[in-house]
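my questions are about this predicted structure, shown below with the sequence.
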Amino acid sequence: MKVVERYILRRAFGVFAAALFWTLAMVWVSQILARINLVTDSGQSASTFFQVATMMLPSVVPIVVPFAIVIGITQTLSAMNQDSELVVLSAAGSSRRTIIRPIILMALVASVLVFVIDNGVNPPARERFRQLLANARADLISTVIQEGAFREIEDNLYVQIAERLPDGRLGGIFVADSRDPATELNYYAKTGVILDQVGENVLLMQEGVISRKSPNRPASLIRFDSYAFDLSAFASSDQAPVMFPKDRPLSYLINPDPADPVLTERPDYYQAELHNRFTEWLYSLVFALIAIACAGDARSHREARLHPMATAIALALFVRWMGFTVSNSAEGSVLFSALVYLVPLGAAAVAIGFIRANKTLELPVSWVETMAQRFERLRATIGGRRLDGAAPGGTA
């Protein structure tokens, strides 16, 4: 690799890494904030929460990497154009391949990274993620011992613990059980303790009352000194969490288990996910070609109607939106299954056509002029409002 190519690769990779880090951080934080209820509602520890947050990270990487590629390439090429480096390279007789080769190399490495994460890292991470959520829902002891929490354990089953006493006992236990439509049971006890008996957790309630109500019978009250309540009545099903095609490795998608309940219910779901796995890694390379077509040529500031990064990101967003749309509609549709491949390949073909023709890929002039006029009117309107608001205070 030539010195110039290493220079371009180093600059582009630096911007790409920075853009990837901060974009990934923002998307990751927004995703984990949606799971904060794992701690607040189910009483899980901070370590469990961070495990769940970490398991979510691989599913975000394949989406973020292509956009980081666009930002890194367009920012690098635009800066080189402003510093007249692209003009110097062209005047020195360097071909466009000097610019294209390091960028395509970086995009290929990013595409391989996305493919490995999407098919080798993300499926086991998603499986672990679902297991953590299932364990959090089934860990009812952590839920029960929270002070002052009134929780719905499952449909029509509520539990509240008023306080934890210094000696480890529970105070103010209330259980409302209306799972049986014919009978409504309410348990109240002053104190209680959780006992482990032969591997089974039992809530031993003391000094309490059981209220029983039936539609055709008068309510009855039963007082007790001690009452053992099996906590398995609280527990959710011990069955393994349901695994969807996105949670499966590529080998399983190619040859799924015929007894898989998801495959039995939605047989085309696996095919749609398989098509998505075969195409999602292409977007890093496609976005790199779009960035080269938008910012790979040396041009003067008079020719630049709109910053190349704005054009490249707008086109990348449109292509990715088309990809998500056809991917979500590919289940049971031969047409949309074919479009899953045609969208990235078609976008790549258009970008390659502009690169081979030595033309700059940019938005139509009429669109740019319309946006510029609207922006000027908006700025004038905001400026006029500020002057009107400042006029009374500025008068003598």
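Noted; the coordinates are in hand.

let me know whether Glu163 touches Gly171 as I believe.
Yes: between Glu163 and Gly171 there is a contact under CB atoms under 8 Å: 4.6 Å. Bear in mind the C-beta positions are built from the backbone N, C-alpha and C, glycine included.

buried stuff in the helix ranked longest in the chain?
If you go by DSSP state H, the chain has its longest helix at helix 46-82. Using 16 or more other CB atoms under 10 Å as the test for burial, helix 46-82 gives 48-49, 51-53, 55-78, 80-81.

elements contacting that helix?
Packing contacts for helix 46-82, counted by 3 or more CB pairs under 8 Å, 6 or more residues apart in numbering; DSSP states H and E, involve helix 3-33, helix 37-42, helix 85-91, helix 97-116, helix 122-138, helix 282-295, helix 308-328.

let me see the contact set for the nearest residue to Pro124 once chain neighbours are set aside.
Excluding the flanking residues, the one nearest Pro124 by CB to CB, 6 or more residues apart in numbering is Pro249, at 7.6 Å. Pro249 makes contacts with 119-120, 123-124, as judged by CB atoms under 8 Å, 6 or more residues apart in numbering.

most neighbours of all these, which one?
Pro123 (23 neighbours; other CB atoms under 10 Å).

state the phi and psi torsions of the closest residue to it other than its chain neighbours.
Nearest-residue entry for Pro123: Pro249, 4.5 Å, with adjacent residues in sequence omitted and distances by CB to CB, 6+ apart. When read as degrees, to the nearest 10, the backbone of Pro249 gives phi -70, psi 170.

please report how far Pro249 lies from Leu274.
11 Å (CB to CB, to the nearest Å).

got it, and Asn328?
Taking CB to CB, one finds Asn328 at 15 Å from Leu274.

of those two, which one has the most company?
Taking neighbours as other CB under 10 Å, Asn328 and Leu274 compare with Leu274 leading, 19 against 12.

roughly how far apart are that one and Ser226?
Applying CB to CB, the value for Leu274 to Ser226 is 58 Å.

shouldn't Asp257 be within a helix?
No: per DSSP: H, G, I helix; E, B strand; the rest coil, Asp257 lies outside any helix segment and is coil.

who are the neighbours in contact with the closest residue to it other than its chain neighbours?
Spatial nearest neighbour of Asp257, excluding adjacent residues (CB to CB, 6+ apart): Leu263 at 7.1 Å. Contacts for Leu263 (CB under 8 Å, 6+ apart) come out as 256-257, 269-270.

so which bits of the host helix or strand of Leu263 are buried?
Here Leu263 is covered by helix 261-265, with elements defined by DSSP states H and E. Under the neighbour-count criterion of 16+ other CB under 10 Å, helix 261-265 has 262-263 buried.

OK, contacts around the residue nearest the centre of the chain?
The centre of the chain sits closest to Val60, judged by CA atoms, centre = their mean, with a distance of 5.0 Å. By CB under 8 Å, 6+ apart, Val60 lies in contact with 24, 27-28, 31.

same check, this time on Gly296
Here Gly296 is in contact with 77, 96, 99-100, 355 (CB under 8 Å, 6+ apart).

and which of those residues is nearest Val175?
Leu77 (66.2 Å; CB to CB).

go ahead and confirm that closest one touches Ile99.
Yes: contact status for Leu77 versus Ile99: in contact at 7.3 Å, counting by CB under 8 Å.
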